[in-house]
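Q: coordinates for the following, if possible.
(one chain, ligands or ions: 1)
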Amino acid sequence: MPIYALCDANNFYCSCERVFNPKLRGVPVVVLSNNDGCCIARSQEAKDLGIKMGDPWFKIEKWAVGKGVRAYSSNYVLYGDMSRRLYEILQRFSPRVEPYSIDEMFLDLNGFDIDLVQYGREVRSTVLAETDIPTCVGIGDTKTKAKLANFVAKKRPEFGGVCDLRDPAICEGLYPTIPLDEVWGIGRASAAKLQKLGLETVADLARYDITQGRNLLTVTGARVIMELQGTSCLPLTMMAPQRKGLAVTRTFGEAMPEWDGLAEAVATFATRAGEKLRQHGLLACVMTVFIQTNRFVPGEYYGNQATFGIEPTQDSLCLVRDALRGVRSIFRRGYRYWKAGVMLNELIDATTAPAQMFPTRDPLKSASLMAAMDGINARFGRGMLRPAVSGIDRKWTAKAEKLSPRYTTCADEFVCVRA
Ligand SMILES: [Mg+2]
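A: Residues are numbered from 1 along each chain as shown. Modelled structure (predicted):
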């Protein structure tokens, strides 16, 4: 019988901010979305103050600062690196670990004939000792149950951070207390349909007839019910499904009236899109670029996009050239641009793609140049080596006025300890 454990970090972004800044312990902390817009992570203290997910910072700032809330711009370099550390530690506890999101990872514990609650406690204490990130562990014979167990472990301190839902007695006691929409895969719309039929809690859903479930919620819903009943339908996928498209889009820190700034931004997005393609071993065949002004600022709105086929490539320089050509075709003078993006579609596997008859760049030279660029940027930080057209001072970059240091990846920003 399969056994899954889900290890999920508590308030991950806020916890990362606390690791290297002990002054933030016991203090309400929030992390803000791109451009310092909305609250996307809240420490327990911030939740207790009533701050909700997605609350716009400008609306609550005055009140929150008065309450002692500390706000940070999202520091994805730090969070990504802490996530990698979490993943590395978890790999010591299971031969198969599947990252599900930046702070949630499934462990395959199939065949582990030991006290798994105790094992889960060891996972927690090891992660805490080595990264200072608090986590909870949920265990189940299906992924859906492991996820639900994690929810219980987070909400109920009496479980000590580890909950095992393989025990039917525990399920029987807990299921009637958990609302339907806490189940993984049951969204608001599905929950509403079920509630109309009088189903309120996880206990009702677990008892629900599978055929009726399929009629009401399609096969996805039927799968959820079966998983709750202990039949595993969602195996561990070690490979992420192949991406169909990718996008790099940003809102600018300040609106841009000039072509030069806009071109810098778009070239930067195309460069980043190329990095993503190479990371996933893909080539793009279709590109969309768009630019727009801010709808909410009085004045005439202008937004436009262009979609066109490109020579299949993962070369950033080709992508920059194509993106700039696309943006030039839709650029209109006299507007203050606020947002732009580069999207790539019709992605194909680089290893099986047919060779180009008349490539505009030598494929071997292109591959070695991109490999050299990626190597240098991996070592010295993203954007260290980049096309000159993507700019030097880059005034357009998103607002991140409350950014914490990149404590773990940038030598200038390490914490210094003097004895
Ligand atoms: Mg989490």
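
Q: part of a strand, is residue 147?
A: No: counting by DSSP: H, G, I helix; E, B strand; the rest coil, residue 147 is not found in a strand; it is helix.

Q: burial count for it?
A: Number of residues near residue 147 (other CB atoms under 10 Å) recorded here: 24. C-beta here means a position set from N, CA and C on the backbone, and glycine is covered the same way.

Q: check residue 93 too.
A: Counted with other CB under 10 Å, residue 93 comes out at 19.

Q: for it, which non-adjacent residue is closest in space?
A: Distances taken as CB to CB, 6 or more residues apart in numbering place residue 123 nearest to residue 93, at 5.4 Å, with adjacent residues excluded.

Q: so the one you found is in contact with residue 8, correct?
A: No: Residue 123 lies out of contact with residue 8 (CB atoms under 8 Å); the separation is 11.2 Å.

Q: overlap in contacts, the two.
A: 135, 137 (CB atoms under 8 Å, 6 or more residues apart in numbering).

Q: in the chain, where is pLDDT below threshold?
A: 237-244 (pLDDT under 70).

Q: which stretches of it form strands?
A: Assigned by DSSP state E, the strands in the chain fall at 4-9, 29-32, 39-42, 70-73, 97-101, 104-108, 135-140, 162-164, 245-256, 282-293, 303-313, 337-349.

Q: measure stretch 12-25 end to end?
A: 14 Å (CA to CA, to the nearest Å).

Q: same question, stretch 229-249
A: With CA to CA as the measure, stretch 229-249 spans 42 Å from end to end.

Q: kindly report the same for stretch 327-336.
A: 15 Å.

Q: what residues are up against the residue in the stretch 151-300 of the chain that the ion sits nearest to?
A: As assessed by CB to the ion, the ion sits closest to residue 154 within the stretch 151-300 of the chain, at 8.2 Å. With contact taken as CB under 8 Å, 6+ apart, residue 154 is in contact with 8, 10, 136.

Q: quick check: the gap between it and residue 176.
A: When distance is defined by CB to CB, to the nearest Å, residue 154 is 19 Å away from residue 176.

Q: again, but for residue 328
A: 62 Å.

Q: swap in residue 223?
A: In terms of CB to CB, residue 223 sits 22 Å off from residue 176.

Q: more crowded one of those two?
A: residue 223 (20 against 13).

Q: these two touch, right, the more buried one and residue 185?
A: Yes: between residue 223 and residue 185 there is a contact under CB under 8 Å: 7.4 Å.

Q: and for residue 210, the neighbour number?
A: Residues within reach of residue 210, counting by other CB under 10 Å, total 14.

Q: that one: what's it in contact with?
A: Counting by CB under 8 Å, 6+ apart, residue 210 makes contact with 222, 225, 226.

Q: nearest to residue 32 among these?
A: Nearest to residue 32 out of the contacts of residue 210 is residue 225 (CB to CB; 38.1 Å).

Q: excluding sequence neighbours, find me the nearest residue to residue 287.
A: Closest to residue 287 by CB to CB, 6+ apart is residue 310, at 5.1 Å.

Q: how about residue 170: what's its closest non-neighbour residue?
A: Residue 170 sits nearest to residue 164 (CB to CB, 6+ apart), 6.9 Å away.

Q: does the one you found have beta-bridge partners, and which?
A: residue 139 (DSSP bridges).

Q: neighbours of it, just the number please.
A: For residue 164, the count of nearby residues is 25 (other CB under 10 Å).

Q: what does residue 108 give?
A: Residues lying near residue 108 (other CB under 10 Å) number 18.

Q: that one contacts residue 95, doesn't it?
A: Yes: with contact defined as CB under 8 Å, residue 108 reaches residue 95; the gap is 7.2 Å.

Q: enumerate every residue touching residue 398.
A: Taking CB under 8 Å, 6+ apart as the contact definition, residue 398 lies against 34, 35, 250, 251, 252, 253.

Q: now it: how far from residue 276?
A: On the measure of CB to CB, residue 398 and residue 276 end up 18 Å apart.

Q: swap in residue 96?
A: For residue 96, the distance to residue 276 - CB to CB - is 26 Å.

Q: picking that back up, emit the ChimeraX select command for whichever of the contacts of residue 154 are buried.
A: A single ChimeraX command selects the buried members of the contacts of residue 154 (16 or more other CB atoms under 10 Å):
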select :8,10,136
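
Q: and the ion, which of the contacts of residue 154 contact it?
A: Counting by CB under 5 Å from the ion, residue 8 from the contacts of residue 154 sit close to the ion.

Q: and of the contacts of residue 154, the nearest to residue 100?
A: Using CB to CB, residue 8 comes nearest to residue 100 of the contacts of residue 154, at 8.6 Å.

Q: ok, that closest one touching residue 134?
A: No: assessed by CB under 8 Å, residue 8 is found out of contact with residue 134, at 10.3 Å.

Q: related to what we said a few turns ago, nearest to residue 370, of the strands of the chain?
A: strand 303-313 (9.9 Å).

Q: so which bits of the stretch 51-200 of the chain are right by the ion?
A: residue 103.

Q: looking at the stretch 51-200 of the chain, which residue is nearest the ion?
A: In the stretch 51-200 of the chain, the residue found nearest to the ion is residue 103; the distance is 4.4 Å by CB to the ion.

Q: I figured that residue hits residue 84, correct?
A: No: using CB under 8 Å, residue 103 makes no contact with residue 84, being 11.5 Å away.

Q: more crowded one of those two?
A: residue 103 (22 against 14).

Q: show the contacting residues for that one.
A: Residue 103 neighbours (CB under 8 Å, 6+ apart): 8, 9, 12, 83, 86.

Q: how about the nearest residue to the fourth one, chain neighbours excluded?
A: Nearest in space to residue 83, with sequence neighbours left out and distances taken as CB to CB, 6+ apart, is residue 102 at 4.8 Å.

Q: ok, now the second one?
A: The shortest distance from residue 9 to any residue other than its chain neighbours is 3.9 Å, reached at residue 103 (CB to CB, 6+ apart).

Q: can you check the first one too?
A: Once flanking residues are discounted, residue 8 sits nearest to residue 104: 4.5 Å by CB to CB, 6+ apart.

Q: number of residues surrounding that neighbour?
A: Residue 104: 19 neighbours (other CB under 10 Å).

Q: residue contacts, it?
A: Residue 104 neighbours (CB under 8 Å, 6+ apart): 6, 7, 8, 9, 150.
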